Every structure is written in C-alpha cells, then in structure tokens.
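Visitor: below: sequence and its predicted model.
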Amino acid sequence: MKIYAIDKKSWLEVEPVKDGSYTATSVEVKIDIGHGAFSAKNIDMHFQNLGTFTSELDHFITDRDIAPRLNGTYDSFIEISGSVSHAFIKFCIGDEDCGAKTHQYSLCGSFEIEQEHLAPFLKIMKSIKS
C-alpha cells in the first residue's frame, strides 16, 4: 500500500513479502522535491514492535495525542504524527551490505500525507502482523 504526500509527488509503500514459510516486509520510499529526487527500498524488512504500533496507530486516527513509531531492522523506522488537521510520516529506510566490509545505507525524511490513507495503512499493518 502506498501512502502519498499531499502533493502526490512523494510516497512510501509497505508490502508484505511471503516466500513459503519466510515472511518479511518490503518498504520503499520515493521523494520528489522538484530540484532533486530520492528513493530507497528494503525488500527484507523486519519490524520489532508491530503490535504496539498498530494499537497506537488505531488510537492516533481518532486522537492525535501520540506519535506511533514502528521500529525495524537496520535502524529503520516509520513514524506517524500530526494534529487534527494535518498528518505527517517520518521515515528512515536502512539496509546494509556485509561483503568484505560492512556498508550501511539509509534514507531518512518526512512529508505531509493525505489523512484518508491512515485507515487503509492501519489495515495493511494489521494484516502484516497476523
């Protein structure tokens, strides 16, 4: 599921990855700021607090007094914050290459999102949890 920025130029996508008995999550982000563009994708993301995050995101949809944060492998995270009239997604998508020497990579940022994406995002996160 893609969560779009209010200008529709940037998005973050979360998709479950199932390969037999192996389960992971693919997280991809594309950012277009006009004079620059950025992208990152991790196809083997594992989340550490999915149950807490889905519960807090459910609460956030009706009461904006918290900022649910989903922590993932390689210092990755997705955080939702905002007020009654605005919602923002903050993210860091990380990965590493463990060849002869370990190299770490990440793309971090944030953008304002369309609020109607919150409930469908909650639904996909609950399906990943189960």
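Guide: Arrived safely, thanks for sending.
Visitor: packing partners of the one helix or strand residue 53 maps to?
Guide: Using DSSP states H and E, the element containing residue 53 is helix 50-62. The elements that helix 50-62 packs onto, with contact taken as 3 or more Cβ pairs under 8 Å, 6 or more residues apart in numbering; DSSP states H and E, are strand 69-71, helix 118-129. All C-beta spots, glycine's among them, are computed from the backbone N, C-alpha and C.
Visitor: what comes up buried for the longest one?
Guide: For helix 118-129, the buried set under the neighbour-count rule, 16 or more other Cβ atoms under 10 Å, comprises 118, 121, 122, 124, 125, 128.
Visitor: just the CA trace of that helix, in CSV.
Guide: The C-alpha trace of helix 118-129 is given here as CSV (Å, rounded to 0.1, in the frame of the first residue of the first chain):
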residue,chain,number,x,y,z
LEU,A,118,-4.3,6.3,7.7
ALA,A,119,-7.2,3.7,8.0
PRO,A,120,-6.0,1.6,4.9
PHE,A,121,-2.4,1.8,6.2
LEU,A,122,-3.6,0.5,9.6
LYS,A,123,-5.4,-2.3,7.8
ILE,A,124,-2.3,-3.4,5.9
MET,A,125,-0.2,-3.2,9.0
LYS,A,126,-2.6,-5.4,10.9
SER,A,127,-2.5,-7.9,8.0
ILE,A,128,1.3,-8.0,8.2
LYS,A,129,1.1,-8.5,12.0
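Visitor: hmm, who's touching that helix?
Guide: 1, 3, 14, 16, 25, 47, 50-51, 53-54, 57-58, 60-61, 70, 80, 87 (Cβ atoms under 8 Å, 6 or more residues apart in numbering).
Visitor: using PyMOL, define a selection of the buried residues within these.
Guide: Entered in PyMOL, the line below selects the buried ones among those, by 16+ other Cβ under 10 Å:
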select buried, resi 3+14+25+47+50+53+54+57+58+60+61+70+80+87
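Visitor: so which helix or strand takes in the most far-flung residue of the chain relative to its centre?
Guide: Of all residues in the chain, residue 100 has its C-alpha farthest from the mean position, at 29.9 Å, by Cα atoms, centre = their mean. Using DSSP H and E, residue 100 sits within no helix or strand.
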